[in-house]
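Colleague: Here is the input, now give the coordinates:
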Amino acid sequence: MKNNNLSKIYILSFSVMLILYGFNNIDLTPGIKLMYLILPMLLSIYLFKHSFIISSELRIIIILVTSMLLSTINTLIFNPDGMQTVILADAKLVIILLLLIPFYGFYLTNATLFNATVPYIAFIFMLSNVVYYFIYYDFSARFEGLFGGANEFAFFIILYIYLMYYNIFHHNKNNILNIVTLVGLHLLVFVTLSRGAMIGLVIFYLIAYPYFKHVISLRQKAILIFLIIILVFLSMERLNKSIELLERRFTGGEGSHSLSSRVNEINAGFRFLDKHVLTVLLGNGTSISSSPEVYKKYYKQGQDFHRIHNSYFAIILENGLISFSIFIYLLLSLLNRIYRLNDRYKYVIFGYLFFILFFMFFIYMLYFLPFWLGILMINLHIKKLEEKRLCI
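Modeller: Alright, predicted model coming up:
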């Protein structure tokens with residue numbers, strides 16, 4: 001009973017934290033951005049006195065994060081100017097791990113409470129950002145909503161889309177609230193103007209289509225199409241402005257520097273590796289490429305400074321080939337377990353994982369909480385489907 005009460009407390013605090021995390025642009029009180037992560041972390045440390053299920057997949061994640069943290073040794077030796085940046089990134093990784101291990105154990109024990117809160121969390125997040133788009137957004141820059149960071153915002157939205165689908169198809173929660181929320185979330189993905197997110201979402205639906213075509217009825221499709229038409233009609237003026245911005249981004253009229261700058265980032269990374277070949281195995285330090293004191297030195301004269309966006313190259317440069325090998329092993333093990341599932345829903349899980357794999361080519365995700373939560377939810381949903389098969 002005591003452990004059950006702890007589970008409820010933790011899951012509810014985690015759900016509230018996700019709402020606050022999604023409102024990253026709002027400073028309710030000084031320090032709240034730090035506190036909404038620190039408080040659940042402290043609770044996590046207390047909960048470690050109780051036993052948790054540490055599966056082989058979770059053990060891989062723990063080993064990966066530990067390996068990534070070891071790169072700090074080389075930061076201290078070769079790049080002491082970047083220590084502050086690296087230690088801050090290391091702290092985020094540790095906090096994320098401390099948050100997710102208890103969540104993992106409680107979800108496996110009883111996922112009902114978290115699954116029940118997902119539609120309401122997603123609705124609050126969606127509604128507040130949609131209202132912000134229609135009332136306050138002035139199109140002077142890319143739409144970041146209340147989050148902060150358009151690409152990260154888009155990734156967070158698609159995490160909610162995936163969680164909503166799992167909730168609908170496994171808990172019979174196919175009600176009007178969920179449908180409205182899904183429509184609003186897709187609108188938000190579009191207006192973020194994130195090229196990676198929009199193409200990645202198309203990849204998700206292409207891979208997940210074999211499941212959707214069997215489970216979504218004609219009536220449900222009609223309701224969904226009707227709601228989309230109404231939404232487009234009511235928001236045509238603003239959507240036209242977003243379409244103009246999107247066209248400029250895809251044709252190079254706006255944000256074109258981001259395409260060339262990502263080549264410059266990787267070229268600077270190779271020059272950085274040439275200077276520090278001893279760090280190839282362990283890396284130079286988590287997020288070192290976001291440190292202008294260190295990484296900017298390796299840009300050619302006249303090039304703007306931008307941190308590495310490609311997650312795969314970043315983990316090689318910052319955390320070394322050992323961490324990269326563990327990371328690839330984690331991804332391949334997930335792909336293999338999904339492939340072996342005897343459940344048609346595996347196409348949805350496949351679709352979401354391939355969205356993540358695609359998105360990582362364009363955005364750095366390795367100390368971003370929703371990224372690790374997405375990987376964890378894929379693992380948990382695989383495990384739930386594996387258990388379901390054993391029970392049949």
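
Colleague: for this structure, what are the low-confidence residue spans?
Modeller: Within the chain, the set of residues satisfying pLDDT under 70 comprises 1-3, 27-31, 172-174, 217-228, 230-239, 241, 245-259, 389-392.

Colleague: and the longest helix seen in the chain, which residues are buried?
Modeller: Taking DSSP state H as the criterion, the chain has its longest helix at helix 311-340. Applying a neighbour-count criterion of 16 or more other Cβ atoms under 10 Å, the buried positions in helix 311-340 are 311-320, 322-324, 326-327, 330-331, 334, 337-338. Quick note: C-beta positions are derived from backbone N, CA and C, even for glycine.

Colleague: again, but for stretch 147-167
Modeller: 147, 149-167.

Colleague: give the contact list for residue 204.
Modeller: The contact partners of residue 204, by Cβ atoms under 8 Å, 6 or more residues apart in numbering, come to 158, 162, 351-352, 354-355.

Colleague: ugh, wrong one, residue 374
Modeller: Going by Cβ under 8 Å, 6+ apart, residue 374 touches 155, 159, 162, 352, 356.

Colleague: residues in contact with the nearest residue to residue 311 once chain neighbours are set aside?
Modeller: Nearest residue to residue 311, sequence neighbours excluded (Cβ to Cβ, 6 or more residues apart in numbering): residue 360, at 3.8 Å. Listed by Cβ under 8 Å, 6+ apart, the contact set of residue 360 reads 310-312.

Colleague: could I get those residues as a markdown table with distance to residue 69?
Modeller: As requested, the contacts of residue 360 are exported to a markdown table (distance: Cβ to Cβ, whole Å):
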| residue | distance to residue 69 |
| --- | --- |
| 310 | 21 |
| 311 | 17 |
| 312 | 19 |
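
Colleague: which of the residues you listed lies closest to residue 287?
Modeller: Using Cβ to Cβ, residue 311 comes nearest to residue 287 of the contacts of residue 360, at 11.6 Å.

Colleague: Now for that closest one: which residues touch it?
Modeller: The neighbours of residue 311, taking Cβ under 8 Å, 6+ apart as the test, are 360-361, 363-366.

Colleague: Tell me which two of these sit farthest apart.
Modeller: Distance extremes for the contacts of residue 311: the farthest pair is 361 and 366 at 13.3 Å, using Cβ to Cβ.

Colleague: Tell me the helix or strand right after the host helix or strand of residue 119.
Modeller: Per DSSP states H and E, residue 119 falls inside helix 112-135. Sequence-wise, the next helix or strand downstream of helix 112-135 (DSSP H and E) is helix 150-171.

Colleague: Which other helices and strands does that following helix contact?
Modeller: Helix 150-171 is packed against helix 112-135, helix 176-191, helix 195-215, helix 346-359, helix 369-391, with contacts defined by 3 or more Cβ pairs under 8 Å, 6 or more residues apart in numbering; DSSP states H and E.

Colleague: Try it again at 10 Å.
Modeller: Contacts defined by 3 or more Cβ pairs under 10 Å, 6 or more residues apart in numbering; DSSP states H and E place helix 150-171 against helix 2-22, helix 112-135, helix 176-191, helix 195-215, helix 346-359, helix 369-391.

Colleague: need the contact list for the spatially closest residue to residue 153 that is not a sequence neighbour.
Modeller: Residue nearest to residue 153 in three dimensions, not counting chain neighbours: residue 147, with 4.0 Å by Cβ to Cβ, 6+ apart. Going by Cβ atoms under 10 Å, 6 or more residues apart in numbering, residue 147 touches 21-26, 125, 129, 132, 153-157, 188, 192.

Colleague: 8 Å instead, please
Modeller: Applying Cβ under 8 Å, 6+ apart, one finds that residue 147 lies in contact with 22-25, 129, 153, 156.

Colleague: From residue 151, how far out is the spatially closest residue to residue 208 that is not a sequence neighbour?
Modeller: Using Cβ to Cβ, 6+ apart and skipping the chain neighbours, the partner closest in space to residue 208 is residue 351 (3.6 Å). To residue 151, residue 351 is 19 Å away according to Cβ to Cβ, to the nearest Å.

Colleague: returning to what we had before: now, which of the contacts of residue 374 sits nearest residue 211?
Modeller: Nearest to residue 211 out of the contacts of residue 374 is residue 352 (Cβ to Cβ; 11.5 Å).

Colleague: how much space is there between that closest one and residue 64?
Modeller: 20 Å.

Colleague: In terms of neighbours, single out the busier of those two.
Modeller: residue 352 (27 against 23; other Cβ atoms under 10 Å).

Colleague: Pretty sure that one sits against residue 378.
Modeller: Yes - assessed by Cβ atoms under 8 Å, residue 352 is found in contact with residue 378 at 6.5 Å.

Colleague: what's the neighbour count on residue 92?
Modeller: Neighbours of residue 92 using other Cβ under 10 Å come to 18.

Colleague: Please apply the same query to residue 59.
Modeller: Neighbourhood size, residue 59 [other Cβ under 10 Å]: 10.

Colleague: next one: residue 94
Modeller: 15.

Colleague: Kindly report the same for the one 4 residues further on.
Modeller: Residue 98: 19 surrounding residues under other Cβ under 10 Å.

Colleague: mind listing what's buried in the helix or strand where it lies?
Modeller: With elements taken from DSSP H and E, the one containing residue 98 is helix 83-109. For helix 83-109, a neighbour-count test (16+ other Cβ under 10 Å) marks 83, 85-87, 89-90, 92-93, 95-108 as buried.

Colleague: Check which helices and strands that helix is in contact with.
Modeller: In terms of contacts (3+ Cβ pairs under 8 Å, 6+ apart), helix 83-109 is packed against helix 2-22, helix 32-47, helix 56-70, helix 72-78, helix 112-135, helix 369-391.

Colleague: So which of those is nearest residue 215?
Modeller: Closest of these to residue 215 is helix 369-391, at 14.8 Å (criterion: Cβ to Cβ).
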